[in-house]
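> Following is a predicted model, sequence given first.
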Amino acid sequence: MKIFDVTLTISPESITWPGDAPVSLQRFRKIEEGANANATRMDMAAHTGTHVDAPYHFFMDGKGVDQLSLDILVGLALVVEFDEAVEVIDAQALEKQNIPAGTQRVLFKTRNSQLWAKQVKEFQPGFVGVNVEGANYLVQHGIRLVGIDYLSVSPYKKSRPTHEALLGAEMVIIEGLDLSSVCAGLYQLYCLPTKLKDADGAPARKILSGDD
Ligand SMILES: [Zn+2]
């Protein structure tokens with residue numbers, strides 16, 4: 001059994017969503033300056049790095065990240081790999097994958113993962129996302145958690161229809177996965193977002209365990 005860390009490292013160099021403040025990690029107590037311990041202050045958007053979206057992200061009456069069910073966040077997850085030629089995950093692309101009936105959690109590995117492997121430092125607006133037809137397909141097939149390997153599950157500037165379809169069905173969305181070192185297949189997912197009260201999202205460490 002091997003453990004795969006599919007989480008991005010958060011640092012001031014992290015790629016952030018256009019318009020979000022950059023990450024700031026400030027050590028405000030320093031041993032070298034006489035303090036008895038080092039201590040750091042964090043300042044970042046809740047949607048930084050590898051994170052979870054809660055329904056409240058798009059719905060005023062939606063659940064916050066602290067209310068998401070651990071039953072959904074932990075369990076078997078299918079890593080589904082799309083060909084490099086796939087530019088958008090639509091219903092047709094999903095149909096081709098023959099996702100087995102009863103699958104509850106899917107993590108999409110696309111050409112986006114190569115961006116993390118290559119350590120591309122600038123935001124890439126041409127990333128692969130799920131369009132609204134793809135989102136409706138996932139809802140209709142009973143998927144309860146969907147993850148993607150870039151900073152949004154929806155194509156750039158098309159956030160609302162995809163997010164509304166997914167979050168409206170109480171699906172958990174994971175964004176910012178680095179799946180570059182993971183092959184397609186079935187894994188045990190552990191996704192544990194920071195328990196921020198009533199928040200629209202939160203960074204989370206995510207690991208997959210499975211056969212090497
Ligand atoms: Zn998000």
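Noted; the coordinates are in hand.
> measure residue 170 to residue 146 for me?
Separation of residue 170 from residue 146 (C-beta to C-beta, to the nearest Å): 12 Å. For glycine as for every other residue, the C-beta is placed from the backbone atoms N, C-alpha and C.
> neighbour-wise, which of the two wins?
residue 146 (26 against 15; other C-beta atoms under 10 Å).
> Would you mind identifying the next helix or strand past the helix or strand hosting the more buried one?
Assessed by DSSP states H and E, residue 146 sits inside strand 145-148. Remark: after strand 145-148, the chain's next helix or strand is helix 159-168, criterion DSSP H and E.
> Check which helices and strands that next one is in contact with.
Applying 3 or more C-beta pairs under 8 Å, 6 or more residues apart in numbering; DSSP states H and E, one finds that helix 159-168 contacts strand 129-130, helix 132-140, strand 172-175.
> Any chance of those in a markdown table with distance to residue 115 and mean pLDDT as columns?
Putting the helices and strands packed on helix 159-168 into a markdown table (distance: least, C-beta to C-beta, whole Å; pLDDT from 0 to 100) gives the following:
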| stretch | distance to residue 115 | mean pLDDT |
| --- | --- | --- |
| strand 129-130 | 13 | 98 |
| helix 132-140 | 20 | 98 |
| strand 172-175 | 14 | 98 |
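> Now render those as CSV, adding distance to residue 181.
Formatted as CSV, the helices and strands packed on helix 159-168 follow (distance: least, C-beta to C-beta, whole Å):
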stretch, distance to residue 181
strand 129-130, 22
helix 132-140, 25
strand 172-175, 17
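> To the ion, which of the ones you listed lies closest?
Set against the ion and scored by C-beta to the ion, these come closest in strand 172-175, at 4.7 Å.
> For the most centrally placed residue in the chain, give the beta-bridge partners.
For the chain, the residue nearest the mean C-alpha position is residue 175 (1.8 Å; C-alpha atoms, centre = their mean). For residue 175, the beta-bridge partners under DSSP bridges are residue 51.
> wait, it sits on residue 154?
No. Look at residue 175 against residue 154 with C-beta atoms under 8 Å: they stay out of range, at 9.5 Å.
> got the contact list for the residue in the chain that the ion sits nearest to?
Nearest residue of the chain to the ion, counting by C-beta to the ion: residue 47, 3.7 Å away. Neighbour list for residue 47: 17, 20, 53, 151, 175, 200-201 [criterion: C-beta atoms under 8 Å, 6 or more residues apart in numbering].
> so which of those are also by the ion?
53, 175, 201 (C-beta under 5 Å from the ion).
> okay, the residues you listed in JSON lines with distance to residue 61 next?
JSON lines is the format used below for those (distance: C-beta to C-beta, whole Å):
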{"residue": "53", "distance to residue 61": "16"}
{"residue": "175", "distance to residue 61": "22"}
{"residue": "201", "distance to residue 61": "16"}
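> so which of these comes closest to residue 120?
When those are ranked by distance to residue 120 (C-beta to C-beta), residue 175 comes first, at 16.6 Å.
> Give me every residue in this protein lying close to the ion.
Residues of the chain lying close to the ion (C-beta under 5 Å from the ion) are 47, 53, 175, 201.
> which intervals of this protein have sub-threshold pLDDT?
212 (pLDDT under 70).
> No more questions from me, cheers.
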